[in-house]
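Chemist: structure of the sequence below:
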Amino acid sequence: MSKIIGTEEKGGVVIISTEGYLNKDLAIAVMEEATIYIDNGTTNILINLSKSNIVNSIGASIIIELIEKLQEVNGSLSFCELPSIIEKTFKIIAERKNNFGAKALKKNSSKTLFKVFP
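Modeler: Numbering: from 1, shown residues only. Have a look, this model is predicted:
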């Protein structure tokens, strides 16, 4: 089952952890959860995808909507613990949506943090 398995705020960053297929339903849940924090002034969102194994096009489209929402408030969206298939999908989206200023960053050389800059 796809779901949010945890949400916490640390140092001005909201960490939303997911499990399962990043499809329409899970992406909407992430958007709704993030929106609660954005509306209360926390505009840095980190999505932990360590327990999500794939994303579909609708899920990715909703994540793009979240990026656009964060751009409006000078926020940022970051991802951590991406499975390689999701990382590749997001890199392709970033290349096609170059206006989002997205790029992949290496952290501790063994992990990749994919960050979308406002």
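
Chemist: just the helices in this structure please.
Modeler: 24-39, 57-72, 84-96 (DSSP state H).

Chemist: any chance of these in TSV with distance to G11, mean neighbour count and mean pLDDT as columns?
Modeler: Every residue, glycine included, has its C-beta placed from N, CA and C. Formatted as TSV, those follow (distance: least, Cβ to Cβ, whole Å; neighbours: other Cβ atoms under 10 Å; pLDDT from 0 to 100):
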stretch	distance to G11	mean neighbour count	mean pLDDT
helix 24-39	13	17	98
helix 57-72	17	17	91
helix 84-96	24	15	79
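
Chemist: so for S50, which of those sits nearest?
Modeler: S50 lies closest to helix 84-96 among those, at 10.3 Å (Cβ to Cβ).

Chemist: make CSV from the helices of the chain and add distance to S78 to it.
Modeler: Formatted as CSV, the helices of the chain follow (distance: least, Cβ to Cβ, whole Å):
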stretch, distance to S78
helix 24-39, 12
helix 57-72, 10
helix 84-96, 11
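
Chemist: out of those helices, nearest to S2?
Modeler: Nearest to S2 among the helices of the chain is helix 24-39 (4.1 Å), distances taken as Cβ to Cβ.
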